[in-house]
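Peer 1: sequence plus the predicted model coming up.
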Amino acid sequence: MDEKTKITGESNNPNFDSAANAPTEIKGTLPEGFHKDPKSIFLDRAEKSAAALTEKVLTVGDRIKQRFILDKLLGEGGMGTVYRALDLRKQEAGDPQPYVAIKILGESFKRHPRALITLQREAKKTQQLAHPNIVTVYDFDRDDELTYLTMEELKGQSLNDFLKNREKVDALTFAERMRMVLQIAQALSYAHTKGLVHSDLKPANIFLTEDGTIKVLDFGIARAANQETYQDNFDAGELGAITFNYASLEMLNYEAPHPSDDIYALGLIACQIFGGCHPYDGKDANIAREKKLQATIPALNNILLRKLLLRSVALERRNRIADAKAFIGGFYSAVKAPKRIVSVLLLVVTLFVANYLYVQSIRNVEVPFDSLTEIDQKKFHDLIKEGNLALSLGDLEGAAFNTDQAFAIHKTHPDIENLRDRVWDVVENNFKHAKNETEKEFFEKQLQALKEYPAFSDIK
């Protein structure tokens, strides 16, 4: 094995055919041919101790800057070591959640002349990424020779560990698998709108909390896709660290970062979530292209979803989905497609039912909400909740139906006005951004259908 390449994981064999053995993450340096100037590599085996990563030997119980008491070792990687730590300042303030995660920068990583800039950039970038599916970073600081950043404490396990538990993976419903993939995509979509590419997306950098929420971690080598985002033009890709079997062909060839690089990794991960296997049998994109390998996609009944996954893991960027927003749009379309005919019929029925319920439940708009019965108030709030949930899942029919029923109970409550505007904005935005005449015609019909509901009939 090339001295520059290290294999971490439970097996040194990159070939695997089940989640029990996948994914094995192959880490290493880019060959010198990929760089104009040779770069150093700073990746260590995951099993190395914290002592090997820092000048100061850290152990549980040590204090960092007289504020953080190390409580438990959570993990180690190329950038450094992560501990669970008690934040004494939070504890003194009576914070019910006084623990944080603290990442100590690895000694080998620190030796790179621009590594400190990278970690500081990680804190800065991730602080800007305020999204429920992206880990919250609190601060970046130093304590003598130790350099660290603090993040929210997460309870659960990495997606990498979860995928190795075949029993848990097999127990997932299709809806649960769908939700996991969408949460990852939503995190990436938000970052992409900020001009950031993660550049090292893999199961080990995705966390699954105890309540099923996905958190994308470690934007440490995230690079600005838009050069105007950061004027100093520092590219963390200069560090040369890469996870070969999750890196796009363009990353392996050291091309400029692009959101589609994240889509390649997302597609690989989605295939593992839906089917348990890495589409290219754990091999990196260069090898897959050289051997002319065909991607192995999970045997899903939904043909459109299979096509979406195939486009996501396309080796050539020109054949790959461009960014996370496009992926999410395609994902919803694929999932909704089999139900489209039925949905049209249900929409017609729903219009009649909604109008009937409206007539039966109509209230005088001048009646204060507090004067309604407790039963009607509860029903109203339940409908608002269901409408918001349907909207978050892209179910416009469900969102419109629940909005209309809530509107029939009370027309002027702030919650109904807010939900009604959000539903209308989504449908109107779809129409405005239609890519072709077929889509435009479809979304125009959707707008007209929405106006049939009393709740939306007065919107211009």
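Peer 2: Ah, there it is.
Peer 1: and the strands in this structure?
Peer 2: Ranges of strands in the chain, per DSSP state E, are 5-8, 25-29, 63-64, 68-76, 80-87, 99-105, 137-143, 146-152, 156-158, 196-197, 206-209, 214-216, 223-224, 241-243.
Peer 1: quick one: mean pLDDT for the second one?
Peer 2: Rounded to a whole number, the mean pLDDT of strand 25-29 is 49.
Peer 1: do the last one as well
Peer 2: Strand 241-243 shows a mean pLDDT of 72.
Peer 1: how about the fifth one?
Peer 2: What strand 80-87 shows for mean pLDDT is 89.
Peer 1: so in that sheet, which strands flank that strand, and in what orientation?
Peer 2: With DSSP bridges as the test, strand 80-87 is paired with strand 68-76 (antiparallel), strand 99-105 (antiparallel).
Peer 1: burial count for the nearest residue to residue 440 once chain neighbours are set aside?
Peer 2: Nearest non-adjacent residue to residue 440, counting by C-beta to C-beta, 6 or more residues apart in numbering: residue 434, 3.8 Å away. All C-beta spots, glycine's among them, are computed from the backbone N, C-alpha and C. For residue 434, the tally of surrounding residues (other C-beta atoms under 10 Å) stands at 14.
Peer 1: surely residue 434 meets residue 445?
Peer 2: No. With contacts defined as C-beta atoms under 8 Å, residue 434 does not count as touching residue 445, sitting 11.5 Å away.
Peer 1: low-confidence stretches in the chain?
Peer 2: The model of the chain has pLDDT under 70 over residues 1-56, 77-79, 107-116, 118-119, 122-123, 220-241, 337-366, 460.
Peer 1: just send the strands paired with strand 80-87 back as TSV, with mean neighbour count and distance to residue 136 too.
Peer 2: Listed next are the strands paired with strand 80-87 as TSV, based on neighbours: other C-beta atoms under 10 Å; distance: least, C-beta to C-beta, whole Å:
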stretch	mean neighbour count	distance to residue 136
strand 68-76	18	16
strand 99-105	24	10
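Peer 1: quick check on the residue nearest to residue 440: phi, psi?
Peer 2: Dihedral angles of residue 434 (phi, psi; degrees, to the nearest 10) stand at phi -60, psi 140.
Peer 1: residue 292 now?
Peer 2: phi 50, psi 50.
Peer 1: outline the domain layout of this protein.
Peer 2: Domain assignment for the chain, taken from automatic domain parsing, gives 5-322, 335-451.
Peer 1: and the gap between the residue nearest to residue 440 and residue 307?
Peer 2: Per C-beta to C-beta, to the nearest Å, residue 434 is found 20 Å from residue 307.
Peer 1: residue 377 now?
Peer 2: Residue 377 sits 46 Å away from residue 307, going by C-beta to C-beta.
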